[in-house]
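**Student:** this one's sequence-less:
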């Protein structure tokens, strides 16, 4: 038998903790002197305490631990509680990973905001009609790679060779964080499709303001703002009802599949 102070030192927990575990019926002392009120613990109870501390480190509540420490609880029920806890922790990790990705994307955007407008030259050119296979959906920015993956999988099943990637940015007044986005692949010839995939011919644009820039498909960048400034300064205005086009020229960093050098295209007319 160990006095509570001795048991606390050996187990490396505080006396206050042991008293609280006694109070909530989680770890009762083997014996309590009815005259002095001293609590005494057996050596075997150290294993019980270690198990309690281990469960606590895993994030279980004291009520859950008390339930698991009960001799009547079936082993399968304990396994079930561990599976639930595993699922809860995995969900937290996924959310934090998504938040970490957003921070990384925002840092990338901030670094690119520091580049001056003079480092990018807008160019006017005529764009010929283009045949594309496309997939349109309202989605957050960071889901665009998933849309391309669906499009590429469909192209692979159809036997069509994969050409340049394109994003068509449609206006969406009530989309909030979900943008009206259409991902597309340029085609060399027509292709039979099934919804939600479609083949269409993008119209000829006589005047297209263009800008080559670095981008990531998972976050916003400042290229549209820079090109809009260039358009205004050079006496043009954006043509209505024509989505912005963004063509991924080539992958910027092989280790980062979402990093591209792209050409932004905005249809314009003389102001």
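**Tutor:** Thanks, I have the structure now. Here the structure is a predicted model, which is why all the values come from computation and not from measurement.

**Student:** list the buried residues for the helix or strand containing residue 199?
**Tutor:** Element membership of residue 199 [criterion: DSSP states H and E] is strand 197-202. Of the residues in strand 197-202, those with enough neighbours to count as buried (16 or more other C-beta atoms under 10 Å) are 197, 199, 202. Every C-beta, even on glycine, is put in place using the N, C-alpha and C of the backbone.

**Student:** quick check: closest non-adjacent residue to the last one.
**Tutor:** Just to be clear, that refers to residue 202. Counting by C-beta to C-beta, 6 or more residues apart in numbering, residue 202 lies nearest to residue 130, which is 4.4 Å off, once chain neighbours are set aside.

**Student:** and for residue 212?
**Tutor:** With sequence-adjacent residues excluded and distances taken as C-beta to C-beta, 6+ apart, residue 212 is closest to residue 263, at 5.4 Å.

**Student:** returning to that earlier point: who touches the residue nearest to residue 202 in this structure?
**Tutor:** With contact taken as C-beta atoms under 8 Å, 6 or more residues apart in numbering, residue 130 is in contact with 186, 201-202.

**Student:** which elements pack onto the longest strand belonging to the chain?
**Tutor:** With DSSP state E setting the assignment, residue counts place strand 256-270 as the longest strand in the chain. The criterion is 3 or more C-beta pairs under 8 Å, 6 or more residues apart in numbering; DSSP states H and E, and the helices and strands that strand 256-270 contacts are strand 205-216, helix 223-233, strand 236-238, strand 244-253.

**Student:** sheet partners, orientation included, of it?
**Tutor:** Its sheet considered, strand 256-270 pairs with strand 205-216 (antiparallel), strand 236-238 (antiparallel), strand 244-253 (antiparallel) by DSSP bridges.

**Student:** any idea how far residue 76 is from residue 65?
**Tutor:** The span separating residue 76 from residue 65 equals 18 Å under the rule C-beta to C-beta, to the nearest Å.

**Student:** between these two, which is the more surrounded one?
**Tutor:** Neighbour totals were compared for residue 76 and residue 65, and residue 65 leads with 22 against 8 (other C-beta atoms under 10 Å).

**Student:** where does that one land in three-state SS?
**Tutor:** Using DSSP: H, G, I helix; E, B strand; the rest coil, the three-state assignment for residue 65 comes out as helix.

**Student:** next one, pLDDT for it please.
**Tutor:** With respect to pLDDT, residue 65 has a value of 86.

**Student:** pretty sure it is in contact with residue 55, am I right?
**Tutor:** Yes - under the contact definition of C-beta atoms under 8 Å, residue 65 touches residue 55, with a separation of 4.6 Å.
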